[in-house]
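> okay, predicted coordinates and the sequence, questions at the end:
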Amino acid sequence: MPLLLLAYLAFLAIALPDGLLGVSWPSMSASVGQPLGALGLILPFAVASTMLSSTSTGALLARIGFGRILAGSIALSAAALLGQSLAPTFWVIVLTAVLLSAGSGAVDTALNAFAARRFDARQISWLHAVYALGAAAGPVLFVLMSRAGISWRGTFASVAGALALLALLFALTVRRWPPPPRPGPQASPAPRTWGRSRFGLPAAGWWGASMFATQAGVESGTALWAYVFLTEARAVPPAAAAATVSAYWLALLVGRVVLGPVANRTGAPRVLVGCLAGMVVSATLLLVPGPVALVGIVGMGLCAAPLFPLLTLTTPDRVGSDFSDRAIGLQGAASAAGAATFPALIGLLIGPVGTGVVAPCLLVLVLGNVGLFAWTTSRSAKRRRSVPAASG
């Protein structure tokens, strides 16, 4: 089986549990005697586990390689899901959620690092489109199995079985994955010309991680607050607002499928610049009273679609190939932190200011990301020019 197909299957597999949690939580919480709000106790532990796993995986890749990490992490995710399906108490669910997040974070980091080295713009964009498809399929799977009389425990156990089979497939093909990456002869000039942190990354790795945190905050903040913003701040009918949120997710999926091949023809930097400009326009439309905000929300989804995969693809250009695996791990951790933190901060502002604050908050985040992109692009260009001089 081609490694590209294996990568797509792995991303689909780790996306399914993400899509399942929200729709299954009412049944899960009732079965362990917890209120719906108890989900808020799980999320901080899960986010922390994802961050730790992502940063650790970036460093471990150089020691044990892609194949073993992927096989082991998918097996861990399968075991965690099976444990959730059997969980007798709430705290067992918390523990298994931590293990599931650790496994998913490791798979995400390893596959992104592999994709940055081996995939082109279309392939990596489609990889992330597959993740969106898997997340969307989770709720559908839950509903179908519920209609068939299968409880949430049976659904989770079924997905765990599918992941276990996938882990076995990865174990059987572990030798087909490339060996652990080794530092090249140009490993030393980049840190001297750009600065090196005490964690072993060029400064660009930290600037890039900030960019990922901000972008994740924009995407999750838009998804979380779009409905409330449209209905309360822009007087959009609830049905139209709900349809717009669905269109936002569809635009994320379609944008990754369509704009990936465009980046292959024009180059990733041009698509990144164009999409960031489109996000500025879309976020600005949210400031306009009335239904024009509907266009802004969908535009945010379409323009955001290729940013995460293409920024991942261009990581070696920003930090150098010898540091890209660790940088991608840090970017994964930063994404998890940004996706949790920025929407929460917007929520804190909604209380005293009102739902209209969503629009300027998203615009500020988008403009911040444009600034970070311009800065890192400028610095990476200087690094590439300085490396030959430093090595010659």
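Sure thing, it's come through.

> how close does the residue lying closest to A121 once chain neighbours are set aside get to L311?
Counting by Cβ to Cβ, 6 or more residues apart in numbering, A263 is the residue found nearest to A121 once chain neighbours are left out, at 3.5 Å. From N, CA and C alone the C-beta is placed, and that goes for glycine too. For A263, the distance to L311 (Cβ to Cβ, to the nearest Å) stands at 11 Å.

> more neighbours, those two?
A263 (25 against 21; other Cβ atoms under 10 Å).

> now do the contacts for the more buried one.
A121, R122, S125, R270, V271, P306, L310 (Cβ atoms under 8 Å, 6 or more residues apart in numbering).

> repeat that for T89.
V32.

> which helix runs longest in the chain?
helix 39-86 (DSSP state H).

> average pLDDT for that one?
For helix 39-86, the mean pLDDT works out to 90.

> just checking, what packs against the following helix or strand past it?
Reading on from helix 39-86 to the C-terminus, the next helix or strand found by DSSP states H and E is helix 90-118. Using 3 or more Cβ pairs under 8 Å, 6 or more residues apart in numbering; DSSP states H and E, the elements in contact with helix 90-118 are helix 3-31, helix 39-86, helix 121-147, helix 307-313, helix 315-319, helix 324-353.

> pretty sure L363 sits against S282.
No: with contacts counted by Cβ atoms under 8 Å, L363 stays clear of S282, the gap being 9.4 Å.

> what number of residues lie near W375?
14.

> would you say it is within a helix?
Yes: judged by DSSP: H, G, I helix; E, B strand; the rest coil, W375 forms part of a helix.

> can you name the residues that contact I150?
S158.

> centroid residue for this protein?
S335 (6.2 Å; Cα atoms, centre = their mean).

> for the closest residue to it other than its chain neighbours, give me the pLDDT.
Closest residue to S335 apart from its sequence neighbours, by Cβ to Cβ, 6+ apart: A216 at 4.1 Å. Looking at A216, its pLDDT reads 94.

> ok, now S31?
94.

> for the one 3 residues further on, same thing?
We note a pLDDT of 89 for Q34 in this prediction.

> so who does the residue nearest to it when sequence neighbours are not counted touch?
What sits nearest to Q34 in space, not counting adjacent residues and going by Cβ to Cβ, 6+ apart, is F90, at 4.9 Å. Residues near F90 by Cβ under 8 Å, 6+ apart: S29, V32, G33, Q34, A38.

> for ChimeraX, what selects the buried ones among the residues you listed?
The ChimeraX selection below is limited to those of those classed as buried (16 or more other Cβ atoms under 10 Å):
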select :29,34,38
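
> for the contacts of F90, which one is nearest R379?
A38 (44.2 Å; Cβ to Cβ).

> for the closest residue to that closest one other than its chain neighbours, list the residues it contacts.
What sits nearest to A38 in space, not counting adjacent residues and going by Cβ to Cβ, 6+ apart, is S29, at 5.8 Å. S29 is in contact with P35, L36, A38, L39, F90, counting by Cβ under 8 Å, 6+ apart.

> ok, the second one to W25 distance?
To tie it back to what came earlier, the one meant is L36. Taking Cβ to Cβ, one finds L36 at 7 Å from W25.

> for these two, indicate the residue with more neighbours.
Per other Cβ under 10 Å, whichever of L36 and W25 has more neighbours is W25, with 17 against 11.

> in this structure the more buried one contacts L39, no?
Yes: contact status for W25 versus L39: in contact at 5.4 Å, counting by Cβ under 8 Å.

> for R234, give me the backbone phi and psi.
Backbone geometry at R234, expressed as degrees, to the nearest 10, gives phi -120, psi 10.

> nearest spatial neighbour of it, skipping sequence neighbours?
A293 (4.7 Å).

> how would you label the one you found: helix, strand or coil?
helix.

> that one and G356 touch, don't they?
No: the pair A293 / G356 is not scored as a contact, 10.5 Å apart, by Cβ under 8 Å.

> got a list of what A223 touches?
V245, Y248, W249.

> columns secondary structure on top of those, output as TSV?
Shown next, in TSV, are the contacts of A223 (three-state DSSP):
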residue	secondary structure
V245	helix
Y248	helix
W249	helix
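
> most surrounded residue in those residues?
Y248 leads the contacts of A223 on contacts (other Cβ under 10 Å) with 22 neighbours.

> roughly how far apart are A334 and G58?
Relative to G58, and taking Cβ to Cβ, A334 is found at 12 Å.

> neighbour count winner among those two?
G58 (27 against 24).

> contacts only, for the more buried one.
T109, A113, D325, R326, A327, I328, G329, L330, G332 are the contacts of G58 under Cβ under 8 Å, 6+ apart.

> wait, the second one sits on L330?
Spelled out, it's A113. No: the criterion here is Cβ under 8 Å, and A113 misses it with L330 at 11.2 Å.

> out of the contacts of S29, what pair is the most spread apart?
L36 and F90 (12.3 Å).

> report the distance from stretch 115-127 to the chain centre.
On the basis of Cα atoms, centre = their mean, to the nearest Å, stretch 115-127 sits 15 Å off its chain's mean C-alpha point.

> what is in contact with A293 and G356 at once?
Going by Cβ under 8 Å, 6+ apart, residues that sit against A293 and also against G356 are F229.

> for the closest residue to S104 other than its chain neighbours, give me its contacts.
Take S104 and drop its neighbours on the chain: the residue closest to it by Cβ to Cβ, 6+ apart is I14, 4.4 Å away. The contact partners of I14, by Cβ under 8 Å, 6+ apart, come to I74, S77, G103, S104, V107, D108, Y131, G134.
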